[in-house]
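Participant: The following comprises the amino acid sequence and a computationally predicted model.
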Amino acid sequence: MTDLSEARQRLVDAWLDNQWLERGLSRNTLENYGRDLRQFGDWLNREEHTALERCQRYQLLQFLAHRHEQGLGARSVARQLSALKSFFRWLKREGRIDEDPTLNVARPKTGRALPKSLSEADVEALLAAPDLDDPLGLRDRAMLEVLYACGLRVSELVGLTLGQVNQRQGLVRVVGKGDKERLVPLGEEALHWLARYLREARPLLIHPDQDVLFPSRRGETMTRQAFWYRIKQIAVSAGVQKALSPHTLRHAFATHLLNHGADLRVVQLLLGHSDLSTTQIYTHVAQQRLQTLYEQHHPRAGT
């Protein structure tokens, strides 16, 4: 905090010590908060010739507008404002200021983070990676195909039983959150690999009397963690460089459906979302597709 005056530095240090004691914030968070206060204090001193403890609401709003003009994202602005709100609340509580300038300043809307997804080429590489000469590899191929074809949660996938799959109708009955059931179509590719797995690999992995669809190496119900570990191994062998999460193929399922023209409400039903607003995080895909179509087909798009 060498850019601040000595008195201002002591004030900010006292607040940071308070945050560490009361909230147990990490060192990294405290460093970020200190940097946020330093930036605001420098701006106040340079542009308004005002000390931190004498800041007015209009000056804070001017600073936030300045940060937006600099190209700072809404999330970064929100974090900086959060630090400032906490700082000025502390000043007020300590009796160092009469009014809190952040009191009626709303945090910028940041929206929900877009889920990470894979390209269709990445998915194809991932699906083709398991060793089909190994019963476990054939099981992994069938699991990945079903996961991608149906947009299942990993917990839903590893919990599947034989009785939940209707190969003749091409449907899987999924038990989701809150024990809500939904029927999801499998698609020809997933049905093909599922049938081959049931015929060639599953009898080698589990006793015929057991009902679990995709058993572990020990012939038991697989844990989510075990399957996730397998996916990461398969991704390495497939050369997929993107960071994966347990929901990566579920997100790819939704993204690719929308990219090929599916209706958002259909995707909502297939994913098992009780509220359409949850599914709307994927509307960026539809918007991108509409923009592309507009640029390709509108006679004045290029003018």
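Facilitator: Structure received. Numbers count the residues shown, from 1 in each chain.
Participant: what's the span of stretch 153-170 from first residue to last?
Facilitator: Using Cα to Cα, to the nearest Å, the span of stretch 153-170 from its first residue to its last is 19 Å.
Participant: quick check: mean pLDDT across the longest helix seen in the chain?
Facilitator: For the chain, the helix with the greatest residue count under DSSP state H is helix 74-93. Looking at helix 74-93 alone, the average pLDDT works out to 85.
Participant: ok, now stretch 20-34?
Facilitator: Model confidence over stretch 20-34, given as mean pLDDT, is 82.
Participant: now for the longest helix of the chain, which elements pack on it?
Facilitator: Where contact means 3 or more Cβ pairs under 8 Å, 6 or more residues apart in numbering; DSSP states H and E, helix 74-93 is packed against helix 6-23, helix 27-43, helix 57-69. For glycine as for every other residue, the C-beta is placed from the backbone atoms N, C-alpha and C.
Participant: Now the second one - C-alpha only, CSV.
Facilitator: Presented in CSV, the C-alpha positions along helix 27-43 are these (Å, rounded to 0.1, in the frame of the first residue of the first chain):
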residue,chain,number,x,y,z
ARG,A,27,-4.8,-14.0,2.5
ASN,A,28,-5.6,-13.8,-1.2
THR,A,29,-9.0,-12.2,-0.6
LEU,A,30,-7.5,-9.7,1.8
GLU,A,31,-4.8,-8.8,-0.8
ASN,A,32,-7.5,-8.2,-3.4
TYR,A,33,-9.6,-6.1,-1.0
GLY,A,34,-6.5,-4.1,-0.1
ARG,A,35,-5.8,-3.5,-3.8
ASP,A,36,-9.4,-2.4,-4.3
LEU,A,37,-9.2,0.1,-1.6
ARG,A,38,-5.8,1.3,-2.8
GLN,A,39,-7.2,1.9,-6.3
PHE,A,40,-10.2,3.8,-5.0
GLY,A,41,-8.1,5.9,-2.6
ASP,A,42,-5.7,6.8,-5.3
TRP,A,43,-8.5,7.8,-7.6
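Participant: can you list the residues that contact it?
Facilitator: 1, 3-4, 8, 12, 15-16, 19-20, 25, 52, 63, 66, 79-80, 83-84, 86-87 (Cβ atoms under 8 Å, 6 or more residues apart in numbering).
Participant: follow-up on the earlier one: so which of the helices and strands packed on helix 74-93 is the most surrounded?
Facilitator: Burial of those is given as mean neighbour count (mean count of other Cβ atoms under 10 Å); helix 27-43 ranks first at a mean of 17.
Participant: how far is that helix from where the chain is centred?
Facilitator: In terms of Cα atoms, centre = their mean, to the nearest Å, the centre of helix 27-43 is found 27 Å from the chain centre.
Participant: That helix to helix 74-93, inter-axis angle?
Facilitator: What separates the directions of helix 27-43 and helix 74-93 is an angle of 80 degrees, with axes from the mean of the first three to the mean of the last three Cα atoms, to 10 degrees.
Participant: Please work out the angle formed by the directions of helix 27-43 and helix 57-69.
Facilitator: The directions of helix 27-43 and helix 57-69 differ by 110 degrees, with the same axes, to 10 degrees as the criterion.
Participant: quick revisit: output the helices and strands packed on helix 74-93 in TSV, with distance to G95 appended to each entry.
Facilitator: Rendered in TSV, the data for the helices and strands packed on helix 74-93 read as follows (distance: least, Cβ to Cβ, whole Å):
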stretch	distance to G95
helix 6-23	13
helix 27-43	19
helix 57-69	19
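Participant: To H251, which of the ones you listed lies closest?
Facilitator: Relative to H251, the nearest member of these by Cβ to Cβ is helix 27-43, separated by 27.8 Å.
Participant: Strands along the protein, start to end?
Facilitator: 165-166, 171-175, 181-185 (DSSP state E).
Participant: What pairs with the shortest one, parallel or antiparallel?
Facilitator: Based on DSSP bridges, the strands next to strand 165-166 in the sheet, each with its direction, are strand 171-175 (antiparallel).
Participant: So what touches the partner strand?
Facilitator: Residues from elsewhere that reach strand 171-175 (Cβ under 8 Å, 6+ apart): 146, 150, 152, 156, 159-160, 164-166, 181-186, 272.
Participant: Enumerate every residue touching Q56.
Facilitator: Listed by Cβ under 8 Å, 6+ apart, the contact partners of Q56 are T50, P101.
Participant: rerun at 6 Å
Facilitator: The contact partners of Q56, taken as Cβ atoms under 6 Å, 6 or more residues apart in numbering, are P101.
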